[in-house]
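In: make a model of this:
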Amino acid sequence: APTPEHEPLPLPILVGMVALSASVLLAAIVWAGIRLWPEKTYPTDTPMAVIESAGQMLKDRRADRLVELIEPVPPTETDTDRADRMRDLYIRLGRVLAAAQDLHAAVEIAMPDELTKLSAEVAAAESRGERTGILATLMPSRRNNADTTERRAARERAVSRLLADPFGSLDNAVTTNIHRIGIQEIGADTVAVTWDGRPVLPPFGLTMRQHEEGWRVVPPTSLPMIRRFLPESEAEFQVWGSLLATVESLLDDLRRAVQSGRITTLDALSRKAIEDAIIPMGMVMIALGNADDD
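Out: Purely as a prediction, here's the structure:
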């Protein structure tokens, strides 16, 4: 007779151990795959390829990789330390874009009727010539600078629209309207993007520049109104990094609230975003001002 220490394990325990081992093995494979399998390549060999890749990244739910299409520093940049810090900042920005896309996906699942209603409201407002964008609602009116109830309501709806569809369905827009996008050469290794033959984002325009690794969108960092806000010192880079981390955390919290059912309407989502953003964003902006004074 077998001794007690050599008795076979009961079948339920044996099955449980096999299942646990399989789960650990599967987790290890997934972990290795996420980190070791090569990332998907998005073409940037031509300006049009950059535009198409932007739409495809959004289709693939990889908004974090949109920053790969942006020129981190001009080709003439000689400060390698600043260039490295700027690239790190772009990586943080990519995480914010990914968090925004994750929130959008949660809203799509939890509030499909709300999204349909919002789209109809925006279309009706735009047909009346009303301003619906977030920047437009933040800008004071020439006739009245007071923050009226109507303006606050418009701002909340604009925030709702931004949170519900942060990229304006860019992926579908690129696919549907690709024939309306054009490229116009404006200099050596530099082109301008056009829409129906007209410059995009006038009066500054949307341009691209060719690099060794491919074409990249050129941010308008040379404009004085933008240049003055760009980080230069180590302290400023740290503050901007904190700002992006704050936004990412806020978006993640909103996503979890939507998924758990604590937020069930776009109006509630907008109000929660504004309430939660006021204090931390204000603190970051104060820190940015102090860093600028230093």
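
In: distance between the helix or strand that contains A268 and the chain's centre?
Out: Element membership of A268 [criterion: DSSP states H and E] is helix 266-293. Computed by CA atoms, centre = their mean, to the nearest Å, the chain-centroid distance of helix 266-293 equals 17 Å.

In: contacts only, for the residue lying closest to R61 once chain neighbours are set aside.
Out: Spatial nearest neighbour of R61, excluding adjacent residues (CB to CB, 6 or more residues apart in numbering): Q101 at 6.2 Å. In this view, the C-beta of every residue, glycine as well, is placed from N, C-alpha and C. Taking CB atoms under 8 Å, 6 or more residues apart in numbering as the criterion, Q101 is in contact with L58, R61, A63, P166, F167.

In: next step: these restricted to helices.
Out: L58 (DSSP state H).

In: pLDDT wise, what is the residue nearest to R61 at?
Out: For Q101, the pLDDT comes out at 92.

In: got the buried residues for the helix or strand it falls within?
Out: Following DSSP H and E, one finds Q101 within helix 80-110. Of all the residues in helix 80-110, those buried under the rule 16 or more other CB atoms under 10 Å are 82, 85-86, 89-90, 92-104, 106-107, 110.

In: same deal with stretch 218-229?
Out: V218, P219.

In: ok, stretch 181-196 next?
Out: I181, G182, I183, V191, A192, V193, T194.

In: distance to R209, pLDDT and secondary structure added to these, as CSV?
Out: Output for those, formatted as CSV (distance: CB to CB, whole Å; pLDDT from 0 to 100; DSSP: H, G, I helix; E, B strand; the rest coil):
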residue, distance to R209, pLDDT, secondary structure
I181, 17, 88, strand
G182, 17, 90, strand
I183, 13, 92, strand
V191, 8, 94, strand
A192, 11, 92, strand
V193, 12, 90, strand
T194, 16, 90, strand
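
In: who does V218 bridge with?
Out: T207 (DSSP bridges).

In: how near is it to D252?
Out: Taking CB to CB, to the nearest Å as the measure, V218 falls 30 Å from D252.

In: likewise P220?
Out: 29 Å.

In: then R92?
Out: 14 Å.

In: filter the contacts of Q101 down to the buried ones, ChimeraX style.
Out: In ChimeraX, this line selects whichever of the contacts of Q101 come out buried by 16+ other CB under 10 Å:
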select :58,63,166,167
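
In: nearest to A158 among the contacts of Q101?
Out: Nearest to A158, judged by CB to CB, of the contacts of Q101 is P166 at 12.1 Å.

In: mind listing what the residue nearest to that closest one when sequence neighbours are not counted touches?
Out: The shortest distance from P166 to any non-neighbouring residue, by CB to CB, 6+ apart, is to A100 (4.1 Å). Residues in contact with A100 (CB under 8 Å, 6+ apart) are A63, L163, P166, F167, L251.

In: just give me the neighbour total for H211.
Out: Look at H211: counted by other CB atoms under 10 Å, it has 13 neighbours.

In: quickly list what it is bridged to.
Out: G214.

In: how about low-confidence regions in the stretch 151-294 of the chain?
Out: 151-152, 154-155, 169, 173, 285, 288-294 (pLDDT under 70).

In: my read is K40 is in a helix, agree?
Out: No: K40: not assigned to a helix; according to DSSP: H, G, I helix; E, B strand; the rest coil it is coil.

In: report pLDDT for the nearest residue to it once chain neighbours are set aside.
Out: For K40, ignoring the flanking residues on the chain, the nearest one in space by CB to CB, 6+ apart is D60 at 6.9 Å. D60 is assigned 90 on the pLDDT scale.
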